[in-house]
Each structure stands twice: as structure tokens, then as C-alpha cells.
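A.B. asks: Turn this into a structure:
(chains A and B)
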Number of protein chains: 2
Amino acid sequence: MTLEIPEVVINRLPVYARALADLAARGETVVSSQALGELLDVTPAQIRKDLSYFGRFGKQGRGYNVQGLLHRLREILGIDRQWRLCLVGVGRLGQAIAEYGGFGPQGFHIVAAFDANPAVVGKHVGGVEVQDIARLDEYLAHNRVDIGIVAVPAAEAQDVVDRLVRGGIRAILNYAPVTAHVPPGVSIRHIDPVLAMQSMTYYIKRSEPAGAK
Amino acid sequence: MTLEIPEVVINRLPVYARALADLAARGETVVSSQALGELLDVTPAQIRKDLSYFGRFGKQGRGYNVQGLLHRLREILGIDRQWRLCLVGVGRLGQAIAEYGGFGPQGFHIVAAFDANPAVVGKHVGGVEVQDIARLDEYLAHNRVDIGIVAVPAAEAQDVVDRLVRGGIRAILNYAPVTAHVPPGVSIRHIDPVLAMQSMTYYIKRSEPAGAK
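C.D. replies: Sure thing, here's the model as predicted:
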């Protein structure tokens, strides 16, 4: 049995891996936890503690081997693989997601897309033909899909998530502006720029002189 | 002086506000921390503790007044205002952001857009004309902008963030796939679906039978 690693630690590992890939691309071979921390606005102690869950990396005072640590993180996270995504909801947001160029180079490939709107079904987005959402369950029964992307209106999101989970999907990226629920053993991440901005306006507002509008 | 409230608490408040708005729209007048927690996959104790930073809400055993708590959270977060955004980077991703319909109804308005590409400058996206990025500093000197949205390639993101900060912006929403740095007193949030998926593939990989590919 492996030690249960806190989710916040897992969430930081892709950030470390990305920084290490940048360092490797620039020809750096060794990096200290201090230098990596400065790149990422994280304390060196945090980095050392996070990595200690996965074994011993680097020698005291010598820093980390960039390629070695990157390789190990990619392996731990599964970044070294190709992952199959299905997109549900191909409105304006879903189309932008399907055509986003940043997924493919990282091994994430949209293999199917679904929508309820007859005006959209049959069109091609990001290299796949949009299928009627009525066919989602059947598709999942016969095809491997690793991650479901939900880009439907808020009111429909939970129903779509439930169908994806019933279809065997264990990882969901939710763009709908609503907290959707998944059972234990299924991961979900919410992408919501409005919530991110609302948490920053608190700080803007607080720093204003009293009485300002 | 106000107590320094942990950023993780501030980050949860918009989620509470959104759930309360949904409850209000459904005609609910009172909600317990238990029921709110179930809606959001958060423990009732967490909700009570988070809200305790801002005073006393609700009576023991009586639950929270939905409208009252929503009103107070909107006030704390500044959700009750109109905010002015500028978008830097109007490639495919930037265009999708500019045309995203979810910002306006929440009080977030893109008032200016900038790009370095002459083929894009002069075009209209989301109701504004794209300006040459060379004009960014001057624009910020003469116009109020609350939040900067960064949608440029990774290699250019830090430079754009620096210019926004020099122009007086204290809140940045960064879509570029890189950790950008801001000085104290400036907030930044990163929107990165690839990092979100990479933190989930860890769990998919771990749950597979040993030896599976």
C-alpha cells in the first residue's frame, strides 16, 4: 500500500514538472529547491516536503538533477502518456476548448464531442465530428475515454457528470459554472474564471481608501 | 486593522456566494451549514469557520438567512460592483475569452483588448476594438482598469504582467501556461486546464491494475 498523499501536493506536482521542463529546454542540468522555489513562488521547504512523499531526490547541498526529477514526475503523474478526452457541450465555450492548441502537445486528445443541439451535431470541431448527446452512453460503453470535459450550461452539468461517471470515466474537467458532485474514486476539477476574479476583487476592494466607490 | 484572512478562505467565498444565489433563485430563504456543505462538498464546520472571519451569521440551530448572507458576501467580495477588465493577447484563446458570455452578467466587462499581431489589431472582439500592444502603457495611464487578463504565449507572459503591474493593475487572471510573478499587493490567479488534468491523471494511473499500460 502506498501512503495517501494529500491532494494539494498532487496538484502542485504538474507545476513543478512544467518548470523543470522549461529548465531542461534552456539546458539547465541541476536546480536547487531554492531556485525552483523562486521560479514558482513556493518555499524551498515546501518543494522538499512535497517531493519527499515520492522518495529521495537530489543530494544534500547538490540540488536536483533536472532531467532525472522531470522524468520521475512525468512518470508519477502519467504525463508520459497519451490521454483520451471526450467533450460534452459544443457551444461557444466548448468550441473554444476543442480548438485550443495547448492540449495535444501535452498528450491530451479530444476523441469525441457531444451536444444536444441539432444545429451543432454533425459539425466538425477540433478534428472530431459532434455527435448527438443521446449517443454518449453507448459511445462510452464501447470506447476508452480517460477524461470527460463538461462545457454544458450549469443546469445540465450534474446530469452530464453523472452520465460520464456511469460510463466509467474517473476524471472530469468541469467548465460549467456550478459545483458538480462525483462519487469517491472519481476526480473533478473546476475551471471557473469568474470565481477566480471574484476572489481577487476582495483584495482590490480592501485596498481602496475608505469611502471610495 | 482587520484580521488577515487566509487566501484559501477568500477563495472559497465566491463558491458560497454562487450557491446562495442559486438557493435564492429557487426561493429558499434559510439554509443550514449542513445543507450548504452538501451542495458544495465542504464540511459544515469549514463553512462555519470560514464565515466566522466576517462576523456572526445565522443563529445556532436556525441556519443562515439566504438573502442576508448572500448580500453580505457580495459586499465583502465586491460582487455587487461593475469591474473593468483589459485583455492582452487576442489569439484564438483570447478571442474565446473576449466572446465568453459568462463575464458580463457577473459584472466583469472587457473594456479594452491589445495584441502585437498587426493582422488582429483593428478587429473587433467581444464589442471592443483590438489595439496595438504598444499602446498598452498609455492606455493604462489614462483609463481605469481593475483586472488584466493575460492570454499571450508563455514566453511573453511575464513581460505583459510586469507592464500591467506598472500600469497600476492589482489583479491579474493569467491564461498563459507559465507561473508569472507579481509583487506584494498584487493578486494573480492562473487558469490552466492542462495542469488540472495532469493532477487527475495521477489518480487514474494509480487506480489501474499493476502492469496495465
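A.B. asks: Check chain A for the residue nearest chain B and tell me.
C.D. replies: Across chain A, no residue is closer to chain B than residue A:96, which sits at 3.2 Å (CB to the nearest CB). Yep, even glycine has a C-beta here, placed from its N, CA and C like the rest.
A.B. asks: shaky segments in chain A?
C.D. replies: Scanning chain A with the threshold set as pLDDT under 70 gives A:1-3, A:58-60, A:209-213.
A.B. asks: Show me where it has its helices.
C.D. replies: Using DSSP state H, the helices of chain A run over A:7-25, A:33-40, A:44-52, A:66-77, A:92-99, A:136-142, A:154-166, A:193-206.
A.B. asks: any chance of those in JSON lines, plus mean neighbour count?
C.D. replies: Output for these, formatted as JSON lines (neighbours: other CB atoms under 10 Å in any protein chain shown):
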{"stretch": "helix A:7-25", "mean neighbour count": "19"}
{"stretch": "helix A:33-40", "mean neighbour count": "17"}
{"stretch": "helix A:44-52", "mean neighbour count": "15"}
{"stretch": "helix A:66-77", "mean neighbour count": "19"}
{"stretch": "helix A:92-99", "mean neighbour count": "20"}
{"stretch": "helix A:136-142", "mean neighbour count": "14"}
{"stretch": "helix A:154-166", "mean neighbour count": "18"}
{"stretch": "helix A:193-206", "mean neighbour count": "21"}
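A.B. asks: Dump those to JSON lines, plus distance to residue B:199.
C.D. replies: Formatted as JSON lines, the helices of chain A follow (distance: least, CB to CB, whole Å):
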{"stretch": "helix A:7-25", "distance to residue B:199": "5"}
{"stretch": "helix A:33-40", "distance to residue B:199": "15"}
{"stretch": "helix A:44-52", "distance to residue B:199": "13"}
{"stretch": "helix A:66-77", "distance to residue B:199": "7"}
{"stretch": "helix A:92-99", "distance to residue B:199": "18"}
{"stretch": "helix A:136-142", "distance to residue B:199": "23"}
{"stretch": "helix A:154-166", "distance to residue B:199": "18"}
{"stretch": "helix A:193-206", "distance to residue B:199": "17"}
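A.B. asks: Among these, which comes closest to residue B:74?
C.D. replies: Closest to residue B:74 of these is helix A:193-206 (CB to CB; 9.3 Å).
A.B. asks: thinking again about what came up before, residue A:115: which of the helices of chain A is closest?
C.D. replies: That would be helix A:92-99 among the helices of chain A, by CB to CB, at 7.2 Å.
A.B. asks: Can you give the strand pairings for the lengthiest strand in chain A, parallel or anti for each?
C.D. replies: Looking across chain A with DSSP state E, the single longest strand is strand A:108-115. Strand A:108-115 has the following sheet partners, assigned by DSSP bridges: strand A:83-88 (parallel), strand A:128-132 (parallel).
A.B. asks: how far does the first one sit from the chain's center?
C.D. replies: The gap between the average C-alpha position of strand A:83-88 and the chain average comes to 12 Å, counting by CA atoms, centre = their mean, to the nearest Å.
A.B. asks: Return the distance of residue A:188 relative to residue A:158.
C.D. replies: Look at residue A:188 and residue A:158: by CB to CB, to the nearest Å, they are 11 Å apart.
A.B. asks: Quickly list what's touching both of those two.
C.D. replies: For the pair residue A:188 and residue A:158, residues contacting each of them under the criterion CB atoms under 8 Å, 6 or more residues apart in numbering or on different chains are A:180, A:181.
A.B. asks: what about stretch A:176-194, near chain B?
C.D. replies: Yes: against chain B, stretch A:176-194 shows contacts by CB under 8 Å from any CB of the partner chain at A:177, A:178, A:179, A:181, A:185, A:187, A:189, A:191, A:193, A:194.
A.B. asks: Pipe the strands paired with strand A:108-115 into JSON lines and attach distance to residue B:39 per row.
C.D. replies: Formatted as JSON lines, the strands paired with strand A:108-115 follow (distance: least, CB to CB, whole Å):
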{"stretch": "strand A:83-88", "distance to residue B:39": "22"}
{"stretch": "strand A:128-132", "distance to residue B:39": "31"}
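A.B. asks: Need those in CSV (columns: distance to residue B:48 and mean neighbour count).
C.D. replies: As requested, these are exported to CSV (distance: least, CB to CB, whole Å; neighbours: other CB atoms under 10 Å in any protein chain shown):
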stretch, distance to residue B:48, mean neighbour count
strand A:83-88, 35, 22
strand A:128-132, 45, 17
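A.B. asks: Minimum distance to residue A:109: which of these has it?
C.D. replies: Scanning the strands paired with strand A:108-115 with CB to CB as the criterion, the closest one proves to be strand A:83-88, at 6.0 Å.
A.B. asks: can you list contacts of that closest one?
C.D. replies: Counting by CB under 8 Å, 6+ apart, the neighbours of strand A:83-88 from elsewhere in the structure are A:94, A:97-98, A:103, A:107-115, A:125-126, A:133, A:136, A:139-140, A:143-152, A:160, A:164, A:169, B:197, B:201.
A.B. asks: Would you list the buried entries among these?
C.D. replies: Restricting those to buried positions leaves A:94, A:97-98, A:103, A:107-115, A:125-126, A:133, A:136, A:139-140, A:145-152, A:160, A:164, A:169, B:197, B:201, with burial counted as 16 or more other CB atoms under 10 Å in any protein chain shown.
A.B. asks: tell me the domain boundaries of chain A?
C.D. replies: Residue ranges for each domain of chain A read A:7-77, A:83-195, as given by automatic domain parsing.
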